[in-house]
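In: sequence first, then the predicted structure:
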Amino acid sequence: MKFLKIAIFFISISTFAQSKVGAVDVEYILSKMPELENVKTQLETYGKQLDIDLNKKIDEYKVLAEGYKAGEATFTPTQKKEKQTELMTLEADIQKFQQNGAKLLEIKRQESLKPLYRKIGVALEKVAKAQGYTQVMQTTQDVVFLDPNYDLTMPILAELGISVTADDEEGK
């Protein structure tokens, strides 16, 4: 039994010895990609279109509400009920559209960024294999210290053909 524990210990040490771990700041790389401006423009355009559609629904609601107020005294009880139902349905539709608008915008954002993340992934794989890394982790705000020798962010930017000035590099 003691021999088995010692054997497992040495196997795990040799496994760690063969492992090389690096880190990358994917969001920093993304922020430096020139394609990001196109994505931002697409999202702004999409957001404006959603706003236009929402405003159309709100205007339609206002017209119906004003029509209801103007003719309320002359409506039969059945007509009142129909108009009220129509107003409540449109109001619910507006609320649903507002809720879904944020979700739609996020979905559009993810769809637009997917090719950029894929491009980063291909460059990451190329750099990691070339430099002999077995694992690469993403840096976060929780990282207190990272040895620059294990940071793959700049080599990946170079692989993507993105040049970064010394001032930009310091801000990273």
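Out: Cool, got the structure.
In: quick one: residue 95 and residue 104, what's the gap?
Out: In this view, residue 95 and residue 104 are 15 Å apart by C-beta to C-beta, to the nearest Å. Bear in mind the C-beta positions are built from the backbone N, C-alpha and C, glycine included.
In: these two: which is more packed in?
Out: Ranked by neighbour count (other C-beta atoms under 10 Å), residue 95 and residue 104 place residue 104 first, with 14 against 10.
In: helix or strand for that one, just tell me which one.
Out: Using DSSP states H and E, residue 104 maps to helix 77-130.
In: what do you get for residue 164?
Out: Per DSSP H and E, there is no helix or strand for residue 164.
In: what about it, neighbour count?
Out: Neighbour tally, residue 164, other C-beta under 10 Å: 17.
In: contacts only, for the closest residue to it other than its chain neighbours.
Out: Spatial nearest neighbour of residue 164, excluding adjacent residues (C-beta to C-beta, 6 or more residues apart in numbering): residue 157 at 5.7 Å. Contact analysis of residue 157 by C-beta atoms under 8 Å, 6 or more residues apart in numbering lists 29, 32, 163-164.
In: of those residues, buried ones?
Out: Neighbour counting with 16 or more other C-beta atoms under 10 Å marks 29, 32, 164 as buried within the contacts of residue 157.
In: tally of neighbours for residue 128?
Out: 19.
In: residue 159 is in contact with that one, correct?
Out: No: with contact defined as C-beta atoms under 8 Å, residue 128 does not reach residue 159; the gap is 10.4 Å.
In: got any ranges where the protein has weak pLDDT?
Out: Residues of the chain meeting the criterion pLDDT under 70: 1-18, 166-172.
In: ok, the spatially most central residue of it to residue 117 distance?
Out: What sits nearest the mean C-alpha location of the chain, by C-alpha atoms, centre = their mean, is residue 110, with 4.9 Å. Using C-beta to C-beta, one gets 9 Å for the distance from residue 110 to residue 117.
In: residue furthest from the geometric center of the protein?
Out: residue 74 (52.8 Å).
In: and the gap between it and residue 80?
Out: 10 Å.
In: any buried residues in stretch 108-116, and which?
Out: Neighbour-count burial for stretch 108-116 flags 108-109, 112-113, 116 (criterion: 16+ other C-beta under 10 Å).
In: I'd like these laid out as TSV, including distance to residue 153.
Out: Listed next are these as TSV, based on distance: C-beta to C-beta, whole Å:
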residue	distance to residue 153
108	27
109	22
112	22
113	18
116	15
